[in-house]
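[1] Any chance you could fold what I've pasted below:
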Amino acid sequence: MRVLLLGNSQSYLAKRLEQESAGHNHSFKSLSLNQVILDYQRSGIGIYDRTGADLTDFDVYFFYAIGRQVSLVAELAKHLKQLGKVVVEDILSQGALPNDKISFMEHSVLSTVPYRFFFHLSRDQEKSFQYPLIAKTANGSLGQSVAKINNHRELGDYIQKHGRSLIIQSYLPIKSDYRVIVVGNQALGAMERVVKPNDFLSTRAGGARKSVNLAPEVLAQCVQAVQAKGLALAGVDLVKHYDHYHCFEINSSPQIRIFEKITGLNVAGEIFNYLTSKR
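    All right, here's what the predicted structure looks like:
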């Protein structure tokens, strides 16, 4: 079996999957989307790389960290599906991946931190907020656009920098949060991310990390939430507030470097096994 990763070919996960493929009867290759050419001819659609190599002779296509190219990638995934190929995430072939931060389908499974998404926040709407609150953009990654907003002036500064299309989320004072990695129908484990003193964001460098055991029912809910979004691989981010777990993000392209290091789990191996089991 031949597996092709399309997306961030320089990512840690791409390199780890290549390592996991060694010694198996399955081959693995990764390729940046910048290398892909869709060739529309009267005889049909061809898919090639820049060297002219045919990219339709793989069995499983895994899309990872495709960013804002998601709508274009959906066209590629749809064509691959028509050719009888296995596409992960399969939901791409149906149109597009659901946004990591604007998540609706999992609400009946996991409690969600209250939030509102504004396509364009008006000045009148600005006056209705209670502070503090969390602001972030819909397409941000690695916490780069996430900010704790303490007053109207800080909100104005945030809007000036990031624009008026944004998410306003309730602020929950927490000391840590949790990342759960889900592959297929299995939650592999969980990592606690401790917030640094005088900070609010656990994803920043310098905060402590440790492997933790969450209750089986919580892990099961994470799996159900990921499946409800139509995903096969995801990182589920949880906060615990007054003894209840709340989801604030389901990341369709989770980073695994720190997670593997802290938990000792072979996440890349589990992902590779999942991909090669799909054919």
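
[2] pLDDT weak spots in the stretch 151-279 of the chain?
    Where the stretch 151-279 of the chain drops to pLDDT under 70, the residues are 204-206.

[3] quick one, strands of it?
    For the stretch 151-279 of the chain, the strands defined by DSSP state E, counting those that start in this stretch cover 166-170, 176-183, 186-194, 209-212, 233-241, 244-251.

[4] And the ones you listed: which comes nearest Y158?
    Nearest to Y158, of all the strands of the stretch 151-279 of the chain, is strand 166-170, at 7.7 Å by C-beta to C-beta. No exception for glycine: its C-beta is placed from N, CA and C like everyone else's.

[5] Give me the packing partners of the closest one, helices and strands only.
    Strand 166-170 is packed against strand 115-118, strand 133-136, with contacts defined by 3 or more C-beta pairs under 8 Å, 6 or more residues apart in numbering; DSSP states H and E.

[6] Which neighbours in the sheet does that strand have, and how are they oriented?
    strand 115-118 (antiparallel), strand 133-136 (antiparallel) (DSSP bridges).

[7] Endpoint to endpoint, stretch 46-61 covers what distance?
    End-to-end span of stretch 46-61 (C-alpha to C-alpha, to the nearest Å): 15 Å.

[8] What of stretch 1-16?
    Span of stretch 1-16 from end to end, C-alpha to C-alpha: 18 Å.

[9] same question, stretch 51-64
    End residues of stretch 51-64 are separated by 22 Å (C-alpha to C-alpha).

[10] Could you give me the buried positions within it?
    55, 58-64 (16 or more other C-beta atoms under 10 Å).

[11] Give the closest residue to L188 in space, chain neighbours not counted.
    I181 (4.7 Å; C-beta to C-beta, 6 or more residues apart in numbering).

[12] who's that neighbour bridged to?
    Applying DSSP bridges to I181 gives these bridge partners: G189, G235.

[13] and it, how many neighbours?
    27 (other C-beta atoms under 10 Å).

[14] T137 versus that one, what's the distance?
    According to C-beta to C-beta, to the nearest Å, I181 stands 24 Å off from T137.

[15] before we move on, what about H24?
    H24 is 40 Å from T137, by C-beta to C-beta.

[16] Neighbour count for these two, which is higher?
    Ranked by neighbour count (other C-beta under 10 Å), H24 and T137 place T137 first, with 18 against 13.

[17] Spit out the contact partners of the more buried one.
    Listed by C-beta atoms under 8 Å, 6 or more residues apart in numbering, the contact set of T137 reads 145, 162-163, 165-167.

[18] which one of the residues you listed is nearest C222?
    I167 (21.1 Å).

[19] Would you agree that closest one is in contact with V113?
    No - I167 lies out of contact with V113 (C-beta atoms under 8 Å); the separation is 10.5 Å.

[20] Domain boundaries for this structure, per the record?
    2-94, 105-109+173-251, 115-170 (automatic domain parsing).

[21] out of I167 and V113, which sits in the more crowded spot?
    Between I167 and V113, counted using other C-beta under 10 Å, the more crowded position is I167 (20 against 17).

[22] From G84, how far out is that one?
    Shown here: I167 relative to G84, a distance of 39 Å by C-beta to C-beta.

[23] residue ranges for the helices of the stretch 1-150 of the chain, please.
    12-21, 70-82, 123-126 (DSSP state H, counting those that start in this stretch).

[24] So for the second one, what gets flagged as buried?
    The reference is to helix 70-82. The neighbour-count check on helix 70-82 (16+ other C-beta under 10 Å) flags 70, 73-74, 76-77, 79-81 as buried.

[25] Work out the gap between it and the centre of the chain.
    18 Å (C-alpha atoms, centre = their mean, to the nearest Å).
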